[in-house]
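J.: got a predicted model here, sequence first, then my questions.
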Amino acid sequence: MSQISEQQVLDSLKQIIDPDLRKDIVTLGFVRDVAIEGGDVSFRIVLTTPACPVKEQMETEAHAIVSGLEGVTSVKVTMDAEVPQGRGIANNVAIPGVKNIIAVSSGKGGVGKSTVAVNLAVALAADGAKVGIMDADVYGPNVPLMLGTGYDQPEVIDGQLKPIEAHGIKMISMAVLVPPDKPMILRGPMLHGVVRQFLSDVNWGELDYLIVDMPPGTGDVQLSLAQLVPVQGAVLVTTPQEVSLSDVRRAVKMFETVNVPVLGVIENMSYFIAPDTGNKYEIFGKGGGQKLCDEYDLNFLGEVPLGMEVREGGDKGTPVVATFPDSPQAAAFRKVAEEVARQVSIEAMKPELVIMSRAK
């Protein structure tokens, strides 16, 4: 019996198609480090995000396919992840080491944008990604409170600010640079300077994702961020009611104008589950987020229900994803994080997919 070859293993694994990128995992370069000793075969499958929802399914399928090859006696599949570099960021010196910048934005205040940004960051970190959060909501910087870091100022090392760390993520905010009771009275050029400082004067280190909690609306901070660095994409937060949706429509158009892809829409406060009866109440209406996505051909990233755990976590500095992992709200945030990571990978891989299609 002849020994199985590496090419036979690779050819067999071409049966597995990535559902998002619509190419086989061998062509995409996901299969690495194939090793064969007699009938023992081992290899790694390196996905584009540690939050991949089909990771276990792909591992099972790969194991079964290679196990079925003649001459194979054992198979070891190691699942790994390398988040791809975002568009153009490799050529920009503003944030060395940061692969993808994701703006979390909303058309209006009061929709829970900062809560979504914080729990999204914590969920991605819990999946194994390297994550930072930049609190660019300079008029209402609440991220330090929500992460429980207090208002101690960050260290300055070699002329750069060292981000404050909590719940597995790195964070910087205007709230840790000025006294908490000092009003933020900033005009356009000053806002631009703050955004530039957070991008270039902070030692972020190696990050897969930098989540940027934007101020509500479509003003100076959004424009500054788009001008200073290539943003991989924007995530828009809304609530179901029409008054929120109308403002998000403006945000969609604004990001289109500055050439930032909209990764999708998250509907927050979608419904309330009564803790005593389990009944579901759609307090703010139903289906608004999906309706907006249908209208503008956007991805619906998920809905997050109301819950006391979310409010308590925000007030105490203990995000619901970390402290109430079994709650419906935490499960919803984890699902949303998977969808966001998925869309970032699709966006980042687009240039490679174009090259592959032209090569055929």
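T.: Alright, I've got the coordinates. Numbers count the residues shown, from 1 in each chain.
J.: sheet partners, orientation included, of the biggest strand by length in the chain?
T.: The longest strand of the chain (DSSP state E) is strand 262-273. Strand 262-273 has the following strand partners under DSSP bridges: strand 233-238 (parallel), strand 280-281 (antiparallel), strand 300-306 (parallel).
J.: just name the most buried of those strands.
T.: Mean neighbour count (mean count of other Cβ atoms under 10 Å) peaks for strand 233-238 among the strands paired with strand 262-273, with a mean of 28. Quick note: C-beta positions are derived from backbone N, CA and C, even for glycine.
J.: that one - what's its average pLDDT?
T.: Per-region confidence: strand 233-238 scores 89 on mean pLDDT.
J.: name the helices or strands packed onto the helix or strand that that strand is followed by?
T.: Counting by DSSP states H and E, the next helix or strand C-terminal to strand 233-238 is helix 242-257. With contacts taken as 3 or more Cβ pairs under 8 Å, 6 or more residues apart in numbering; DSSP states H and E, helix 242-257 sits against strand 98-105, helix 220-228, strand 233-238, strand 262-273, helix 288-296.
J.: next, format those as JSON lines and append distance to T115.
T.: Putting the helices and strands packed on helix 242-257 into JSON lines (distance: least, Cβ to Cβ, whole Å) gives the following:
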{"stretch": "strand 98-105", "distance to T115": "10"}
{"stretch": "helix 220-228", "distance to T115": "19"}
{"stretch": "strand 233-238", "distance to T115": "9"}
{"stretch": "strand 262-273", "distance to T115": "7"}
{"stretch": "helix 288-296", "distance to T115": "16"}
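J.: returning to what we had before: only the buried residues of the longest strand of the chain, if you could.
T.: By neighbour count with 16 or more other Cβ atoms under 10 Å, strand 262-273 contains the buried residues 262-272.
J.: same question, stretch 97-111
T.: Of all the residues in stretch 97-111, those buried under the rule 16+ other Cβ under 10 Å are 98-108, 111.
J.: from those residues, which has minimum pLDDT?
T.: K108 (66).
J.: quick check, P50 in contact with E82.
T.: No - between P50 and E82 there is no contact under Cβ atoms under 8 Å: 9.2 Å.
J.: and these two? which has more neighbours close in?
T.: Comparing P50 with E82 by other Cβ atoms under 10 Å, the one with more neighbours is P50, at 21 against 15.
J.: next, the angle from the longest strand of the chain to helix 288-296.
T.: Between the axes of strand 262-273 and helix 288-296, defined by axes from the mean of the first three to the mean of the last three Cα atoms, to 10 degrees, the angle is 150 degrees.
J.: pLDDT averaged over strand 262-273 - what is it?
T.: Here the average pLDDT along strand 262-273 is 88.
J.: dump the C-alpha coordinates for that strand into CSV.
T.: Below are the C-alpha coordinates for strand 262-273, written out as CSV (Å, rounded to 0.1, in the frame of the first residue of the first chain):
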residue,chain,number,x,y,z
VAL,A,262,-21.7,49.6,6.4
LEU,A,263,-21.2,46.1,7.8
GLY,A,264,-24.8,45.9,9.0
VAL,A,265,-27.4,47.0,11.6
ILE,A,266,-27.9,45.9,15.2
GLU,A,267,-31.4,46.3,16.6
ASN,A,268,-31.0,47.0,20.4
MET,A,269,-33.9,46.9,22.9
SER,A,270,-35.8,44.7,20.5
TYR,A,271,-38.1,43.2,23.1
PHE,A,272,-38.5,42.6,26.8
ILE,A,273,-38.8,39.1,28.4
